[in-house]
Structures are given as structure tokens and as C-alpha cells.
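Novice: Okay, here's the prediction I keep looking at, along with the sequence it came from:
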Amino acid sequence: MKKLVIIICLLGMILFAVGCEQKNAENAMAQQQDQDQSKTPIQQTVQAFGAVKTKQIRGVMVDLPASIENIHVQAGQKVKKGDTLITLSLKEIEEQIKEKEDSLKVAKLELQKLLEDVGSKTNEEIDNEPEVMQAKNNMETNRIEYEKLEKDLQNKETILKQGAISQSDFNDFKIIVEQKQKEIENDKIRLEDLKNKLRISNNKDALDVKIKKQNIASLESQLQALKDKIAESGIKGNKIICDISNGVIEKINTAAGDRLSGEKQIMSILDLDTLIVQANVPEDFIKDIKIGSEAVITPLANPDKEYQGTVSGISNMAVQENGETVVPVEISITTADEFLLPNFNINIKIIIP
């Protein structure tokens, strides 16, 4: 019995010694970890909340007397360059163009008949009149001066690109060139008016010639204006085509059958190649953020995904939001992918340099 007690005591002493040694080892290891952690610098960050936005939004507007025949896209749909967005009904403007072309043909035929009645001999005599010769000389002088000014303008444009003259000086000189060009145009008008006055004295039909020419000029101007409207609208045939490489339809403000208005936006397209994050940073921490500061972007839609970014803009004005003073900050996204969508809510960690 005594031997059994002695053996139990010895085992207890051994276990106690081993436990103490193990505890000392664990304490030593914990102290070493604390020392290692104290040597490793803690990365400081500023937390913020924001949303994904695009820097560029393309508004689609067409100022034509036309109506919408069909809309081929819907809000939220991705589009690329060359996609057909809308088909238009151009019947109204096409009819206007046809009407002007027909009227112009008739007016030219009437003018031709009138000039035949007046006769070419009278015109030759008018060209030899002293007043007409003087007007031609003045117009030629202005033309020579305009050609010289135009060359000087081209030289100044080159100098402007080199930074040798200011934009203001260039613009002032350009106005002078344009004025000289208008003088030549006015000379032409005055010359034609002078000839017409002389024709009136030689032929009673001269006034009709002038009126007919003015009528033709007006019809030509109206016809060209209609054609220019179509060309300037950017449509191809009767279709509005997307001109953004990577976009998404934000809003559609019209429907099939609607008449177009130059004051109303048909739709808007977000340019997905210009994604950024807009965030508000509390004023207490804005001092720690600089342009170029790195940022980690985490979408609420998938907290497991992270995107890298940099601070690309800091507002020069604070604003009030929910009773708190904050400073708007813009963050460019350097690792964006197709998962990241406009208007996603975002958690942001901005690394303090």
C-alpha cells in the first residue's frame, strides 16, 4: 500500500512539472508573438460608403420633324457601338424635301425662260458699264486681300498650337478674316444688284430676274437646311445608332409613336468605360486623404469581391448629409470588371499614406 501511495505521488509530481514547463513555453510563445506584432506597423484606413457612377452620360436627342417608329432597347440593357437604338419614321421630312426639290426645279425653269427673253446681248453690255467694271475691281481687290489674310490665319493657327500667341489674339484675327470674307460676299451681292438695276433700265423683265433668283436662293437654302438637319442628327438612314463602345441604357423618355422634339431627350446611355466611385468622407478624416491615395472597394452585392482604386478627386466644398458634414470624394477604379454595375452601393477603405 505504501509503495502504491509513493508511486502515485511521484506521478503527480511529474505531471505537475510537465504542466508548468508547458505553460512556461506557451507564455514565452505568446510574448514572442506580441513582440512580433508590435514590430509590424498597423495599416491605417479611412472607412467610407459610396456608389458606382459613370463620368460620362450620353444624351440622345434628335431635332427633326419625325416620329419614333420602334425602340429596339430597354432600360438597363447593355449596348455597344453600332447597335440600333431606335427606328424613325422620316416620312414628314422626306415629303418636305421632295416639295422643295420640285419647287426649285420649277423656279429654275422659269428663270431660264426669263433670261432668254432678256437676251444675252444686254448682259454683255451691262458687264462693260463703268459702274460694273469698278465693282468688279473692288471685289477682286478684296479677294486678293482675303487670300492673304487666310494664309496669315493658317500661320497664326500654327503659332497658336506652339503657344506663341494667345487664343484671344487668334480669335480677333479670325474675326478680321471673316469680316473680309463677308465683304467679298457683300461685293458679290452689290455687283449683282448693280447689274439688276442696269437691266431694269434696259429691260422691263430685269426685276423679275432678280425676284426669281432670290426665290431660287431661298428654296436652295431651305432645301439644304433640311438635308443638313438629317446629316447633323447623326442618324444612319432612318435609324439612331449607338456611338458608345461599352454602354448601358439608363433611361428611355419616349415611346413608339412619339413625335421628336429638339428640346426633349429621347434616352440616356451610361458609358461603362468611365466607371468611378463617388463617396462621402466625414470631415474629421478628410485631412488624411490625398489625391492618389490607394483604396479598396467592396460591393455590397458581393462582399467577397474586392477592387483596387485610387482617389482621383476631392471636392473643394463640404456638404451636409443626414445631419453630418462630409466631403465628396471621387475614386477611380483600376480593376473594374463586368460584375461592377452603375449605382452599386460600395464600402470603401481608403489607405492613409
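Specialist: Good, I have the coordinates. Numbers count the residues shown, from 1 in each chain.
Novice: Walk me through the domains of the chain.
Specialist: 45-55+274-351, 120-202 (automatic domain parsing).
Novice: for the first one, the distance to its chain's centre please.
Specialist: In this view, domain 45-55+274-351 has its centroid 23 Å away from the chain centroid, taken as CA atoms, centre = their mean, to the nearest Å.
Novice: hang on, the earlier thing: weakest of the domains of the chain by average pLDDT?
Specialist: Mean pLDDT is lowest for domain 120-202 among those, at a mean of 81.
Novice: what ranges do the helices span in the stretch 201-350 of the chain?
Specialist: For the stretch 201-350 of the chain, helices defined by DSSP state H, counting those that start in this stretch occupy the ranges 206-232.
Novice: ranges for the strands of it?
Specialist: Under the criterion DSSP state E, counting those that start in this stretch, the stretch 201-350 of the chain contains strands at 239-241, 247-252, 267-271, 275-282, 294-299, 307-314, 319-321, 324-333, 345-351.
Novice: Pull up the pairing partners for the longest one, direction included.
Specialist: Okay, so that is strand 324-333. Note on strand 324-333: by DSSP bridges, its sheet partners are strand 275-282 (antiparallel), strand 307-314 (antiparallel), strand 319-321 (antiparallel).
Novice: Check which residues of that strand are buried.
Specialist: Val326, Val327, Pro328, Val329, Glu330, Ile331, Ser332, Ile333 (16 or more other CB atoms under 10 Å). Quick note: C-beta positions are derived from backbone N, CA and C, even for glycine.
Novice: now swap in stretch 87-94 and tell me
Specialist: Neighbour-count burial for stretch 87-94 [16+ other CB under 10 Å]: Thr87, Leu88, Ser89, Leu90, Ile93.
Novice: Can you list which of the residues you listed are found in strands?
Specialist: Mapping the buried residues of stretch 87-94 onto strands (DSSP state E) picks out Thr87, Leu88, Ser89.
Novice: Pick the one among the residues you listed closest to Gln224.
Specialist: Using CB to CB, Leu88 comes nearest to Gln224 of those, at 20.6 Å.
Novice: What's the local residue count around Lys227?
Specialist: Close neighbours of Lys227, defined as other CB atoms under 10 Å, add up to 12.
Novice: re the thing from before, which single one of the ones in strands among the buried residues of stretch 87-94 is nearest to Val106?
Specialist: Ser89 (27.9 Å).
Novice: residues in contact with that closest one?
Specialist: Contact analysis of Ser89 by CB atoms under 8 Å, 6 or more residues apart in numbering lists Ala66, Ser67, Ile68, Glu69, Asn238.
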